Each structure stands twice: as C-alpha cells, then as structure tokens.
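**Q** requesting a structural model of the entry that follows:
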Amino acid sequence: MNRAAILWRVASFAVAASFVGLWQLIANLKLVSPVFLPGPDRAWAALVRGFSSGDLWSKLAGTLEHMAYGWLLASIAGIAIGAIIGSSRTMRTYVAPSLEFLRPLPVSAIIPVAIAMLGLTQAMALFVISFGAIWPIMLATIHGFAAVEPRLYEVARSLQMSRLAVIFKIALPSASPDILAGMRLSLTVALILSVVCEILAGLDGLGHWVLLSARAFRSADLFAGVILLGVTGYVTSVAMSLAEHKLLAWQAAQR
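**A** Numbering: from 1, shown residues only. From the prediction side, this is the model:
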C-alpha cells in the first residue's frame, strides 16, 4: 500500500472519529433529549447487549437472508434478460420503450401491488427486493453486451461460432466489468429494500428491530440497529469490490 493510500485511510478514520466525537458531545450536553438521541456509548452498549443476548444475531441473519435471496434472484434474471436484449440489436430496438417505462417506476409504487397479490409474506419481500435490484444489473448487462467490439463478432462469424458460444466466450467476458459494477450497486438496493419490507410486513430482521425500538422509545437499540445496518452495507460493498477486483484480475494482466 503506497503512502497516498495510507494517508487517505487515516484521513477517512479521522473524519469518522470526529463525527462520533461530535455526536458524543451533543449527547453529553443534552442539546437533544436523551430519549431521542443517545450517545455513541449507549448505542455501543445496546449493540453489545443485543449480540450477547442473541437477539441481534437472529435479526441480522434475517436481513442478510432477505437481501441475499432477492439479490441472487435479481442477478440471475438481470444477467439473463440483459444478455438476451444486449446481444440483439432488434431486441434493443423493440424492448427499449418498455424498459424505459418500467425503469423509472418507483419501487414504493410496486409495494402495494405486491402486498395485494402476495400478502405480507416472504414471497412479497422477495418480489419487491428482486424488482428493485434487477435494474442496475440488467441495464449494466445490456450496456456491456451492446458495447462489445464489433470486430469480435466478425471473428466469431468467421469461426462459425454458435450464438451461445459467442455469448459465453466473447460477450460475457467483455461485459463482465459492467455486470459486476451493476451487481455491486444492486446489492445496496437489495439491503435498503430488505429493511423496507421488514418494516412494512413485520418480517424478522433489522428493519423490524428498528421499528419496534422506535415505537418503544428505546433510542439506544434504535441507533444500534441503524449502526449495524450501516456496517452491513459497508462490509458487503467492500466484499463485492474485492470479488470484482479478483474476477477482473485477468483484464489488468492484459494491459
């Protein structure tokens, strides 16, 4: 790690520590009622207490399960549909208007429809999470496939490669940077929608924990849940970035 990277990390931690210190100062001075704003010391104590009792472990596992299943379903469907559309100019021409109609549609507008059809169930949460998380992946896949160098397709035709061979041996490797970037973005969307569904449907997870804590004015537990959600989002994003770097190492070696 070079010196600039070390300095950047130190500065990042310093900024974070400054925010925590300011938060503790505001809590100690009681500029905001402790009922609504606990200090980071109380939030940390609630976090430790929740893990010690096992309550937060089950809530965290529930949120990760909802996020993972929705994200995986969105990834499979998004890559498959994006590959079909992106590899065909005709499909892009005819399907693009429908995509432009559905893409800006807020997920919040889909939730009542999903509840009406599926009820307040796990299936509803899976549908909502998948619907919201599929767009970054599918659009990135379409862009990646459409941006493949035309000469590569000419080479494939000269070699009489089948359509599946072209997709898996030429288009998919070429589009992999776009696809992985879309998957990393959709992972964050999946986490957000997991929390929303847990709050609305009362499903077991951190969203439900935060909601119950707010209703009972357990501000320390509320902030503990929010902090844990932030850490979860950060860790999953870093893990996805590391996987992206590992999977694209062959591209760096070719440069």
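
**Q** could I get the full set of helices for the stretch 151-255 of the chain?
**A** Secondary structure of the stretch 151-255 of the chain by DSSP state H, counting those that start in this stretch: the helices cover 163-166, 172-201, 206-215, 219-247, 249-254.

**Q** how does the chain divide into domains?
**A** Split into domains by automatic domain parsing, the chain comes to 1-31, 38-254.

**Q** returning to that earlier point: out of the helices of the stretch 151-255 of the chain, nearest to L64?
**A** helix 219-247 (7.2 Å; C-beta to C-beta). No exception for glycine: its C-beta is placed from N, CA and C like everyone else's.

**Q** relative to helix 172-201, how tilted is that closest one?
**A** Put simply, helix 219-247 runs at 170 degrees to helix 172-201, going by axes from the mean of the first three to the mean of the last three C-alpha atoms, to 10 degrees.

**Q** may I see the buried residues of helix 219-247?
**A** Going by neighbour count (16 or more other C-beta atoms under 10 Å), the buried part of helix 219-247 is 219-226, 228-229, 232-233, 236, 240, 244.

**Q** out of the residues you listed, the closest to V166 would be?
**A** For those, the closest approach to V166 (C-beta to C-beta) belongs to E244, at 23.9 Å.

**Q** which residues touch that closest one?
**A** Taking C-beta atoms under 8 Å, 6 or more residues apart in numbering, we find E244 in contact with 180-181, 184.

**Q** between these, which sits nearest A123?
**A** For those, the nearest to A123 is R184 (26.1 Å; C-beta to C-beta).

**Q** list the buried ones in the helix or strand containing A83?
**A** A83 is part of helix 55-86 when elements are defined by DSSP states H and E. Neighbour counts over helix 55-86 (16+ other C-beta under 10 Å) mark 56, 59-60, 62-71, 73-75, 77-79, 81-83, 85-86 as buried.

**Q** tell me the angle the very next helix or strand once past that helix makes with helix 55-86.
**A** Counting by DSSP H and E, the next helix or strand C-terminal to helix 55-86 is helix 89-102. Counting by the same axes, to 10 degrees, helix 89-102 lies at 140 degrees to helix 55-86.

**Q** all good on my end, thank you.
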